[in-house]
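Peer 1: Pasting the sequence and the predicted coordinates here, then a few questions.
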Amino acid sequence: MPDRLDEMFELQKKFARMAGDRYPDGAEGRVSALCTAIIHEAVELQRTTSWKWWKAPVRFDEEAAREELIDIWHFVIQASIELGLDPGAVLDEYRRKNRINVKRQQDGY
């Protein structure tokens with residue numbers, strides 16, 4: 001059975017081929033567009049919560065929140081692909097940055 005992250009990357013590559021000519025040219029343009037998409041999807045995820053403390057709370061729609069989170073995953077995986085990261089490289093980078101973050105917390109960051 002393939003690794004789940006490998007499978008996600010392969011599914012994303014197939015999906016990205018479908019976007020074809022609508023996708024910006026050049027890695028920088030694509031990463032910039034993906035950043036914009038991630039930001040907007042994060043706002044959509046936030047809208048599923050009662051983040052406006054000054055308003056009456058709304059029922060948390062966990063299904064909608066999950067859908068928005070998966071949209072973010074799509075764009076994060078595509079950005080990873082654009083930056084030449086495969087699942088192994090993502091894990092390596094995650095571990096590297098995690099060590100930095102742990103050290104920062106230990107040092108009172």
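Peer 2: That came in fine, so what should we check first? Note that this is a predicted model, so its numbers are computed, not measured.

Peer 1: Could you use CA atoms for every contact and neighbour count after this?
Peer 2: Noted.

Peer 1: Identify each buried residue in stretch 45-60, please.
Peer 2: Leu45, Arg47, Thr48 (16 or more other C-alpha atoms under 10 Å).

Peer 1: Now Ala37: which helix or strand?
Peer 2: Per DSSP states H and E: Ala37 is located in helix 27-46.

Peer 1: buried sites along stretch 60-78?
Peer 2: Buried-residue list, stretch 60-78, by 16+ other C-alpha under 10 Å: Ala65, Glu68, Leu69, Asp71, Ile72, Trp73, His74, Phe75, Val76, Ile77, Gln78.

Peer 1: From those, pick the one nearest Arg17.
Peer 2: Closest approach between the buried residues of stretch 60-78 and Arg17, by C-alpha to C-alpha: Gln78, at 11.1 Å.

Peer 1: Considering the buried residues of stretch 45-60, which is situated nearest to Ser32?
Peer 2: Using C-alpha to C-alpha, the buried residues of stretch 45-60 come closest to Ser32 at Leu45, 20.0 Å.

Peer 1: Report pLDDT for the closest one.
Peer 2: For Leu45, the pLDDT comes out at 97.

Peer 1: tell me the SS of Trp53?
Peer 2: What DSSP: H, G, I helix; E, B strand; the rest coil gives for Trp53 is coil.

Peer 1: Can you give me the distance of it to Ala79?
Peer 2: To Ala79, Trp53 is 33 Å away according to C-alpha to C-alpha, to the nearest Å.
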